[in-house]
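Engineer: Predicted structure and sequence below. I'll ask about it afterward.
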Amino acid sequence: MLIVPVENTINWKRPPWITLGLMLTCLLVFVFYQGSDPRLMTTALERYLASDLLELEAPVYEQYLQRKINLGGESGRLEELEAFQQSAVEENRLWMAVSLLSDREFYSYMQASQSLIWASREQQLWQAQRPPIQEELIEQLSANKVGLTPDELSLAKLITYQFLHGGWGHLLGNLVFLFLLGFTVEKAMGPGRYLLAYLLCGALSGLVYTAFSVGSKVPLVGASGSISGLMGMYVAIYGFRRIRFFYFFGVYFNYFRAPALALLPVWLGKELYDYWFAGATGIAYMAHAGGLLAGAGLVLILGKSWFQVKETFFEPEDDEQDEHFTSSYAQAMGSLGRMEFGLAEEQFEALRQSYPDRPIILEHLYQLAKLRPDLPPYRERARELMSLAISSRQPERMVGVWQEYLSKGGAYEPLSAEDHNRVLFACLRNDDLKTAESAFDRLRESGDDTLASEACRLLADEFDKRQMLHKARHYRQLLQVE
């Protein structure tokens, strides 16, 4: 059964460049660096089968596997022994050679025990032919050279193994999951933190694998540990928020919602169960488990410092916002159409909380407030709309709201001196002297002598500039009186 989180959709306006870069790197490494592996293995097989090594090593290998099973408790290798014995019966020399050349632990065993296994002449024969094949060809395979081998642990290999893969199926499967998980985690953390966390999860995953495979010469390759780390980070980022998960079982698939972190013990339990009971499958279950714990731990422990989630991550994308706005706006307009004005006002107010930069919402709230000009909300909406008109450089709209309010609500809740003064300044800048004079009259009535005097001086100066001396003289006389 497969369960994958799919809460987000990718925004190609902001591509996940690091995720795409990691995918491209894995692909290029597989095609160009690992592309020489088939040639090396083919050459090794040809040289091996052209020698007497198969007849020399095959009986020893059967004894070696039996000892591992009976004395070492490695019951998972029973199928391996049976398959090798069956290939011997069928005289499938190629498959037998692949098994013998691929088992590096067996090669180490033969090196250490050759004096006990063979007579002197056989030792010399083996020593002359096998080490050159191993050193010149087998050890030059990418997995053996830069894969993570527990018996040869190094810091460099904790990074390099993450970009190697065992075949096209292994590669493509990992790339799919890297893309599905990576673009969300990259969006949450930002490119730099994301890349560091990805590589660190892979390294910690490799260390866990090494801890459970001490002394092993079987190399670990693949991005699975790093991708498991992304799964751990993914659910830790969302915490106990309910998110969507895709699941696939046999031929059936569907979606379900669950608290994100609730899936972490499910995934972890599956990896541990498979490690103990699935047998020899060639899958590094403990690397997966280590990656899951590493990814979740990085976010839960260092989520407020090194691996902090970006504040904007949980905000909806522009497309999602537009879809939500359109839907909510339609509901509010529907309430208006049914003349449910109280409900419409609540809906528009909720929209304004989510979309404060949408002027159309304030326009609707103003129109609704205008239905009751005797109540304080009308004055507040009018003042807000006037301010919006000024900031939007729409002086005509500001004057229109001001005049409308004076006729409908001015008798109940007068505007302040500052409101009239703003209208006066806007009219002067727009060469609307008639309305400016009207605003000045309202300003004088408001009782703010300081603002009135300054406005009077401005009007006198403006009429002077226009050679309207009678008007200028009038306002200078008023200025002397005040």
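Structural biologist: That came through fine.
Engineer: Phi, psi for Met253 please.
Structural biologist: Slight slip there: residue 253 is Phe, not Met. Note on Phe253: backbone dihedrals following degrees, to the nearest 10 are phi -140, psi 160.
Engineer: so what's it bridging to?
Structural biologist: Beta bridges link Phe253 to Phe248 when assigned by DSSP bridges.
Engineer: for the one 5 residues further on, same thing?
Structural biologist: When bridges are taken as DSSP bridges, the partners of Ala258 come out as Ile243.
Engineer: list the contacts for it?
Structural biologist: Residues near Ala258 by CB atoms under 8 Å, 6 or more residues apart in numbering: Arg242, Ile243, Phe245. Heads up, the C-betas are built off the backbone N, CA and C, glycines and all.
Engineer: pLDDT score for it?
Structural biologist: Among the per-residue scores, Ala258 shows a pLDDT of 92.
Engineer: ok so, going back, mark which of the contacts of Ala258 are buried, thanks.
Structural biologist: By neighbour count, with 16 or more other CB atoms under 10 Å, those hold Ile243, Phe245 as buried.
Engineer: which one of the contacts of Ala258 sits closest to Arg257?
Structural biologist: Arg242 (4.8 Å; CB to CB).
Engineer: picking up where we left off before, name the nearest of the contacts of Ala258 relative to Gly72.
Structural biologist: Sorting those by how near they are to Gly72, with CB to CB, puts Phe245 at the top with 40.0 Å.
Engineer: Sort out which one of the contacts of Ala258 lies nearest Met110 for me.
Structural biologist: Out of the contacts of Ala258, the member with the shortest distance to Met110 (by CB to CB) is Phe245, at 48.7 Å.
Engineer: Do you know the pLDDT at that closest one?
Structural biologist: So Phe245 comes in at 91 (pLDDT).
Engineer: Could you give the separation of the strand or helix carrying it from the chain centroid?
Structural biologist: Phe245 belongs to strand 242-249 when elements are defined using DSSP states H and E. The chain centroid and the centroid of strand 242-249 are separated by 17 Å, computed with CA atoms, centre = their mean, to the nearest Å.
Engineer: Please pull out the lowest mean pLDDT helix or strand from this protein.
Structural biologist: Every helix and strand in the chain was compared by mean pLDDT, DSSP states H and E; the lowest is helix 318-337, with a mean of 80.
Engineer: Without its sequence neighbours, what residue ends up closest to the most centrally placed residue in the chain?
Structural biologist: Here the mean C-alpha position of the chain is nearest to the C-alpha of Thr184 (CA atoms, centre = their mean), at a distance of 1.9 Å. Closest residue to Thr184 apart from its sequence neighbours, by CB to CB, 6 or more residues apart in numbering: Asn8 at 4.5 Å.
Engineer: before we move on, back to that, so what does the least confident helix or strand of the chain touch, helix or strand wise?
Structural biologist: helix 341-354, helix 359-369 (3 or more CB pairs under 8 Å, 6 or more residues apart in numbering; DSSP states H and E).
Engineer: out of those helices, deepest packed?
Structural biologist: Counting by mean count of other CB atoms under 10 Å, helix 359-369 has the highest mean neighbour count of the helices and strands packed on helix 318-337, with a mean of 18.
Engineer: May I have that one as CSV, with CA atoms only?
Structural biologist: These are the backbone C-alpha positions of helix 359-369, laid out as CSV (Å, rounded to 0.1, in the frame of the first residue of the first chain):
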residue,chain,number,x,y,z
PRO,A,359,-11.5,48.4,-3.5
ILE,A,360,-14.7,46.9,-4.8
ILE,A,361,-15.4,45.4,-1.4
LEU,A,362,-15.3,48.8,0.3
GLU,A,363,-17.6,50.2,-2.3
HIS,A,364,-20.2,47.6,-1.5
LEU,A,365,-19.8,48.2,2.3
TYR,A,366,-20.2,52.0,1.7
GLN,A,367,-23.4,51.4,-0.3
LEU,A,368,-24.8,49.1,2.4
ALA,A,369,-23.9,51.6,5.1
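Engineer: and the next element down the chain from it?
Structural biologist: Moving toward the C-terminus from helix 359-369, the next helix or strand (DSSP H and E) is helix 376-391.
Engineer: what's the average pLDDT for that following helix?
Structural biologist: For helix 376-391, the mean per-residue pLDDT is 91.
Engineer: ok, and for that helix, which residues are buried?
Structural biologist: Of the residues in helix 376-391, those scored as buried under the neighbour-count criterion (16+ other CB under 10 Å) are Pro377, Tyr378, Arg379, Arg381, Ala382, Arg383, Leu385, Met386, Leu388, Ala389, Ile390.
Engineer: Leaving out the residues flanking it, which one is nearest to Cys201?
Structural biologist: Sequence neighbours aside, Gly229 is the residue nearest to Cys201 in space, at 2.4 Å (criterion: CB to CB, 6+ apart).
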